[in-house]
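Peer 1: got a predicted structure plus its sequence, pasted below:
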Amino acid sequence: GAVVSQHPSWVICKSGTSVKIECRSLDFQATTMFWYRQFPKQSLMLMATSNEGSKATYEQGVEKDKFLINHASLTLSTLTVTSAHPEDSSFYICSARGGVRLEKLFFGSGTQLSVL
Amino acid sequence: GQQLNQSPQSMFIQEGEDVSMNCTSSSIFNTWLWYKQDPGEGPVLLIALYKAGELTSNGRLTAQFGITRKDSFLNISASIPSDVGIYFCAGQLNQAGTALIFGKGTTLSVSS
């Protein structure tokens, strides 16, 4: 079946540095990808919707200059956490849509970010 | 923003027992889905519901899309240890490819 690959699976960084997370659709083209954030024992909160070739649409309260999203191709979207701080520590999950039906919406395995 | 109220928050059951969890919303959803998430992983789709009143099964799992389009339930029959995890309901407000809204999850623990 279709697979969404998310990399890295975990990252530890120093405060003030930037971290890039990649989300790839391995065997399908994804015109739309979504980025979620999840705190421990909490739900997935949508951060932004990423459309190939256009600017991402950010949810209210999400700083677009802080969380840079690039969707340069039909198989790759990246989320860059700029000047990371400890409060940015979280589990970040991407999902990619490979069709209209929601059975074609696949999630990556997530990235655990820890900012020291 | 839109919210899904999912309950119960957690459940502790014995192997073999049946489980039921539900989600409600003040908004009408076009689609309801149920996902399972294992620790350190992304959610995996269990069941997708597209029509009001629809009742769908996937093995030991059964889910229904409420007639009012504002609620859904998930039942797991004869639970086994590998059912342990967090179950999320999710809804989509329209068919235009918008993102899913997730419930807060139900953490299921199964003792053998």
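Peer 2: Done, it's in.

Peer 1: hey, let's count contacts and neighbours off CA atoms from now on
Peer 2: Will do.

Peer 1: is chain A within reach of the worst-scoring helix or strand of chain B on mean pLDDT?
Peer 2: Least confident element among the helices and strands of chain B, by mean pLDDT, DSSP states H and E: strand B:101-102 (a mean of 90). Yes: Strand B:101-102 is in contact with chain A by Cα under 8 Å from any Cα of the partner chain, via B:Ile101, B:Phe102.

Peer 1: next, A:Pro86: phi, psi?
Peer 2: phi -50, psi -30 (degrees, to the nearest 10).

Peer 1: which parts of chain A sit against chain B?
Peer 2: Residues of chain A lying near chain B (Cα under 8 Å from any Cα): A:34, A:42-46, A:49, A:93, A:100, A:102-103, A:106-110, A:112.

Peer 1: show the pLDDT at residue 100.
Peer 2: Just so you know, I chose chain A. As predicted, A:Val100 sits at a pLDDT of 72.

Peer 1: looking at chain B here, not the other one
Peer 2: 87.

Peer 1: neighbours around the closest residue to it other than its chain neighbours, how many?
Peer 2: Closest residue to B:Leu100 apart from its sequence neighbours, by Cα to Cα, 6 or more residues apart in numbering or on different chains: B:Gln92 at 5.0 Å. Neighbourhood size, B:Gln92 [other Cα atoms under 10 Å in any protein chain shown]: 20.

Peer 1: go ahead and confirm B:Gln92 touches B:Trp34.
Peer 2: No: B:Gln92 is beyond contact range of B:Trp34, at 11.7 Å (criterion: Cα atoms under 8 Å).

Peer 1: quick revisit: narrow the residues of chain A next to chain B to those in helices?
Peer 2: If you go by DSSP state H, those have nothing in helices.

Peer 1: just the strands in chain B please.
Peer 2: Using DSSP state E, the strands of chain B run over B:5-7, B:10-14, B:19-24, B:31-37, B:44-49, B:55-58, B:61-65, B:71-76, B:85-92, B:101-102, B:106-111.

Peer 1: I misspoke; the intended subject was chain A.
Peer 2: Using DSSP E, strands in chain A cover A:4-7, A:10-13, A:19-25, A:32-38, A:44-51, A:57-58, A:67-73, A:76-81, A:90-97, A:105-107, A:111-115.

Peer 1: could you export those as CSV, including mean pLDDT and mean neighbour count?
Peer 2: Formatted as CSV, these follow (pLDDT from 0 to 100; neighbours: other Cα atoms under 10 Å in any protein chain shown):
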stretch, mean pLDDT, mean neighbour count
strand A:4-7, 95, 22
strand A:10-13, 96, 14
strand A:19-25, 96, 22
strand A:32-38, 94, 23
strand A:44-51, 92, 23
strand A:57-58, 94, 16
strand A:67-73, 91, 19
strand A:76-81, 96, 22
strand A:90-97, 94, 26
strand A:105-107, 89, 24
strand A:111-115, 97, 21
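
Peer 1: distance to B:Leu74 added to these, as a markdown table?
Peer 2: Shown next, in a markdown table, are the strands of chain A (distance: least, Cα to Cα, whole Å):
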| stretch | distance to B:Leu74 |
| --- | --- |
| strand A:4-7 | 26 |
| strand A:10-13 | 32 |
| strand A:19-25 | 29 |
| strand A:32-38 | 22 |
| strand A:44-51 | 19 |
| strand A:57-58 | 31 |
| strand A:67-73 | 34 |
| strand A:76-81 | 33 |
| strand A:90-97 | 23 |
| strand A:105-107 | 20 |
| strand A:111-115 | 28 |
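
Peer 1: I'm done for today, thanks for sticking with me.
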